[in-house]
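coords please:
(one chain, ligands or ions: 1)
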Amino acid sequence: RGLPYRRRPTTELLRARSQVLGGLEVSYAEPVHLVGGRGVLLEGADGRHYLDAYNNVPVLGHSHPAVVDAVCSQLATLNTNSRYLQEAPVELAERLLSTLPARFDRVLLVNSGSEANDLAWRIARHATGATGGIVTSWAYHGVTEATFAFSPESWGDSPSPPHMRLVEPPPAAPAAVASAVESLAASGHGVAAMLVDGVFTSDGIRGPAHEWTAAAAAAVHTAGGLYVADEVQAGHGRTGDALWSFMAGEVPADLVTLGKPMGNGYPVAAVCGPAELVDPFIADTDYFSTFGGGTAACAAAVAVLRAIEEEHVVARVAATGARLLTALRGVASEEPQVGDVRGWGLAVGVDIVDPASGRPDPARTGRIVEGMRERGVLIGRTGQDRASLKIRPPLVFGDEHADQLIEALTSTLHSLR
Ligand code: PMP
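I've put the predicted structure just below:
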């Protein structure tokens, strides 16, 4: 209905894509050509339906009617920037702050997780006067130059930037954070901020590890640095125990960044923090973003927060996540190709190992992801050795979907024995 582009056959589209988008990665050896999405299902051009067990952005499911309605109505009514007086950004900020600890009283609205982290980093530098950063060893926090420095997953062969220190994620001890703080002091950088993804997604899915993060935050605080809870992956109910993962453990975060699921697919992101950190930054930098806090983006984000509450999404995540985790542990107990299984709500990591040596097996992991796709279930992989399955579905994933995933996984593992 009203789509402004033409449709072409899959092979032709794939060829055209590589011509104009170049080496941009396309998922799966046989890419899925998508034409629709509803709930937890994605529709292929071949008419086949795929179970989406990977997309963390459409938390409420693809094409959720409340979000579609909010965005379409807003686009058809008014869509402009946050320098004008309008209801949407104010209501969004009020709603967000009502879900956060009382010390948070400001919201800055931006357009992507990268931008939120970039801004948090600028605020941290402004507040502390320091220039050093700490992050986990295989983290990902964004695409901008500043957040690329916080994304060792993307570094390839380039060396660690001199102002950055890496620490091993849990289950390694958090003691490394204190050493990183000392090392930054010795180099003259000092510590401005540590950024932590609440579920350690690219580190292989390893959290929330509240004791670890609380100890890390304490070490950073002793040196005057800020602890930034990156809830881009872990937030909006993913972990099934809280809307924001760091709050389940009362981790003393100074700034919180939100993104990905915030608009269920419509771009919107945010930095939340206390006035004492945010206000001096705004005053000194005349901060403003054209699209950040735009009306339609705010309408999407308000609709998402409302639907999460009305549909009791967090409690449902806890129930489905528990069922999925139990089933996966059952598979692991019978299947020598499966090692450790970790899950917090619907953030689940499954280590794949060589059955003979017990060592991480990235090639086998890749074959499992492809085998699942052939069986109509979309998942991904993660971790420094690329040997952990990444299962991170929309949060409206139900018991029947968990069962379908387990069936496809069991069948795929059998085929690889
Ligand atoms: N932080 C985390 C933890 C992320 O996973 C990502 C995206 N994968 C980002 C930040 C960056 O978000 P975006 O892609 O919206 O810029």
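
drop to CA atoms for contacts and neighbour counts, all remaining ones
Will do.

Quick check: residues of this protein near the ligand?
Proximity of the chain to the ligand (C-alpha under 6 Å from any ligand atom) is limited to residues Ser112, Gly113, Ser114, Tyr140, His141, Gly142, Asp197, Asp230, Val232, Gln233, Gly259, Lys260.

Taking these, tell me the two that lie furthest apart.
Ser112 and Asp197 (15.0 Å; C-alpha to C-alpha).

of those two, who's got more company?
Asp197 (29 against 22; other C-alpha atoms under 10 Å).

Excluding sequence neighbours, find me the nearest residue to Thr136.
Val167 (4.8 Å; C-alpha to C-alpha, 6 or more residues apart in numbering).

show me the contacts for that neighbour.
Ile134, Val135, Thr136, Ser137, Pro174, Ala176, Val177, Ala180 (C-alpha atoms under 8 Å, 6 or more residues apart in numbering).

now do Gly44
So Gly44 contacts Val32, His33, Leu34, Val35, Gly36, Tyr50 (C-alpha under 8 Å, 6+ apart).

Kindly state the beta-bridge partners for it.
Leu34 (DSSP bridges).

can you tell me how far it sits from the ligand?
Counting by C-alpha to the nearest ligand atom, to the nearest Å, the gap from Gly44 to the ligand is 24 Å.

is it true that Val341 touches Ile352?
No - if you go by C-alpha atoms under 8 Å, Val341 and Ile352 don't touch, sitting 9.3 Å apart.

quick one, which of the two is more surrounded?
Neighbours were tallied for Val341 and for Ile352 using other C-alpha under 10 Å; the higher tally belongs to Ile352 (27 against 20).

so which helix or strand takes in the more buried one?
strand 347-352 (DSSP states H and E).

pLDDT and neighbour count for the contacts of Gly44 - can I get that in CSV?
Shown next, in CSV, are those (pLDDT from 0 to 100; neighbours: other C-alpha atoms under 10 Å):
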residue, pLDDT, neighbour count
Val32, 97, 20
His33, 98, 16
Leu34, 98, 16
Val35, 97, 12
Gly36, 97, 14
Tyr50, 98, 21
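
Go through stretch 380-391 and flag the buried ones.
Residues Gly380, Arg381, Thr382, Gly383, Arg386, Ala387, Ser388, Leu389, Lys390, Ile391 are the ones in stretch 380-391 that count as buried (16 or more other C-alpha atoms under 10 Å).

whoops, stretch 354-373 was the one
Buried-residue list, stretch 354-373, by 16+ other C-alpha under 10 Å: 354, 360-362, 364-373.

What is the neighbour count of Ala219?
Neighbours of Ala219 (other C-alpha under 10 Å): 22.

mind listing what it touches?
Val177, Ala178, Val181.

from what I can see the first one touches His221, true?
No - taking contacts as C-alpha under 8 Å, Val177 lies outside contact range of His221: 10.9 Å.

Looking only at neighbour counts, state which of the two leads.
Val177 (26 against 20).

Quick check: pLDDT value at the residue in the stretch 251-400 of the chain that the ligand sits nearest to.
At 5.4 Å from the ligand, Lys260 is the closest residue in the stretch 251-400 of the chain, using C-alpha to the nearest ligand atom. pLDDT recorded at Lys260 is 98.

residue boundaries of the helices in the chain?
10-21, 65-77, 87-99, 113-128, 145-148, 175-186, 210-222, 245-248, 275-285, 295-310, 313-334, 362-374, 399-415 (DSSP state H).
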